[in-house]
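Novice: Test case, fold it:
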Amino acid sequence: MAIVTPRTSASPQPAPATPAPAPRPGPLPGLATAAAGVAVAWVVHLLVPAVPMLTAAVVLGIAAAHVPGVRARVRGSARPGLTLAGKRLMRIGVVLLGLKLGLDDVLGLGWATVAMVVAVVAATFAGTLWLGRRLGLRGDQPLLIATGYSICGASAIGAVSEVSGSDEEDVATSVALVTLCGTLAIAVLPLLHHPLGLDDAQFGRWVGAGVHDVGQVVATAQTAGPAALTDAVLVKLMRVALLAPLVAAVAVSVRRRRQQTTPAKASVKASEKTSGKASEKRPPLIPLFVLGFLAMVGVRTTGWVPAAGLDLAAHAQELLLAAALFGLGSAVHLPSLVRTGGRVAALGLCSWVVIAGASYGGVLLTT
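Specialist: Numbering: from 1, shown residues only. I've put the predicted structure just below:
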């Protein structure tokens, strides 16, 4: 008789352990990298005073994103902190920017100059936005470039991108273009001072109405003396004051656009609705940092802040914006920029001609 041995069931093998996901890097490495970039930009400005620290910060950020050895850190462990700098620190810097402008400064320009500045900003913004869309630039690039050229360069781009939800690459590309053109203005516009028949005060107002960043305005106008520098800064700050209504208008436009797309999503499942996947957070009509900017304008108007406090706030604002611009510059990807470089360069050149021509005509009409 055959002996049948019972089958022994194989003991279950333990499942292979799933490796734990690598912890996501925190913001500290990126913030430290941005601080190092600001320090280098400050040294560059000390050695070459004609180069504003904010301009140097953008250029260094772009370089850091492409230099072997540093590039891996910028795109890896430092990325969260650099993104944080480009957004959060930008907001704080924009708020402190309000302390540079008082209502008495605006009224001191005269209503004719105020009307000229508003007309130049409106013409530059509308013309650049229209041409950028006709050229087929991607994403929010037309909106961001139009904002940077018409208001106050990279600071305005950062502020508008906060409410428009723009892609980081679009923001970086726009900042790079506006910074490049503003830097070229430092070298080109002083050569046109006398050939255009402008006296020192007229040249200062032309620079203030036509150059993008505050630091670039100072670097350009100081070549014609203190009178030109004073008028340039006042006109430039008037353009800065228009940042608040522009950001509010963009926020309203974004809200309306999202409201129009809501009915198209009405057929999603109820479970998705309750989980929040079908609903989008609507941006506020006036972002908090814009209200902060207006509040700082009001504080400056009261005259309560002593000169030492204003100087301290100005230094803090410049450092914060430099860190933010280094973060934005580090997001620039030159190969992607080259692919659309012809159209972007064409838009930048045309917008530069528009704002220079409109501000030149406005200065002649109001003086």
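Novice: Just the CA trace of stretch 203-222, in CSV.
Specialist: C-alpha atoms of stretch 203-222 as CSV (Å, rounded to 0.1, in the frame of the first residue of the first chain):
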residue,chain,number,x,y,z
PHE,A,203,15.8,113.8,-19.3
GLY,A,204,15.1,112.7,-15.7
ARG,A,205,11.4,112.6,-16.4
TRP,A,206,11.9,110.7,-19.6
VAL,A,207,14.1,108.1,-17.8
GLY,A,208,11.5,107.8,-15.0
ALA,A,209,8.7,107.2,-17.4
GLY,A,210,10.6,104.8,-19.7
VAL,A,211,13.0,102.7,-17.7
HIS,A,212,11.7,99.6,-15.8
ASP,A,213,13.3,99.0,-12.5
VAL,A,214,13.8,101.6,-9.8
GLY,A,215,17.5,100.8,-9.5
GLN,A,216,18.0,101.1,-13.2
VAL,A,217,16.2,104.4,-13.2
VAL,A,218,18.7,105.7,-10.6
ALA,A,219,21.7,104.4,-12.4
THR,A,220,20.5,106.0,-15.7
ALA,A,221,19.3,109.4,-14.4
GLN,A,222,22.3,110.1,-12.2
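Novice: Pull the distance from that stretch to the chain's centre.
Specialist: 18 Å (CA atoms, centre = their mean, to the nearest Å).
Novice: quick one: average pLDDT of stretch 217-227?
Specialist: For stretch 217-227, mean pLDDT rounds to 81.
Novice: mind listing what's buried in that stretch?
Specialist: Neighbour-count burial for stretch 217-227 flags Val217, Val218, Ala219, Thr220, Ala221, Gln222, Thr223, Ala224 (criterion: 16 or more other CB atoms under 10 Å). In this view, the C-beta of every residue, glycine as well, is placed from N, C-alpha and C.
Novice: Other residues contacting it?
Specialist: Identification of contacts with stretch 217-227 by CB atoms under 8 Å, 6 or more residues apart in numbering yields 49-52, 185-186, 189-190, 193, 200-201, 203-204, 207-208, 211, 228-229, 231-233, 236.
Novice: Check stretch 90-107 too.
Specialist: By CB under 8 Å, 6+ apart, the surrounding residues in contact with stretch 90-107 are 114, 152, 155, 158-159, 162, 214, 234, 237-238, 240-241, 243, 289-290, 292-297, 299-301, 303, 305, 310, 313-314, 316-318, 320-321, 324, 328.
Novice: how close does Gly153 sit to Val247?
Specialist: In this structure, Gly153 and Val247 are 15 Å apart, going by CB to CB, to the nearest Å.
Novice: Can you pick out the residue with more neighbours from the two?
Specialist: Using other CB atoms under 10 Å as the criterion, Gly153 and Val247 rank with Gly153 on top: 30 against 24.
Novice: ok, Asp140 - contacts?
Specialist: Taking CB under 8 Å, 6+ apart as the criterion, Asp140 is in contact with Ser161, Ser164, Ser166, Asp167, Asp170, Val171.
Novice: can you give me phi and psi for the residue nearest to it when sequence neighbours are not counted?
Specialist: Once flanking residues are discounted, Asp140 sits nearest to Ser166: 4.0 Å by CB to CB, 6 or more residues apart in numbering. Backbone torsions of Ser166, given as degrees, to the nearest 10, read phi -70, psi 150.
Novice: Just list what the longest helix along the chain packs against, helices and strands only.
Specialist: In the chain, taking DSSP state H as the definition, the longest helix is helix 341-366. Applying 3 or more CB pairs under 8 Å, 6 or more residues apart in numbering; DSSP states H and E, one finds that helix 341-366 contacts helix 111-134, helix 141-150, helix 168-188, helix 200-210.
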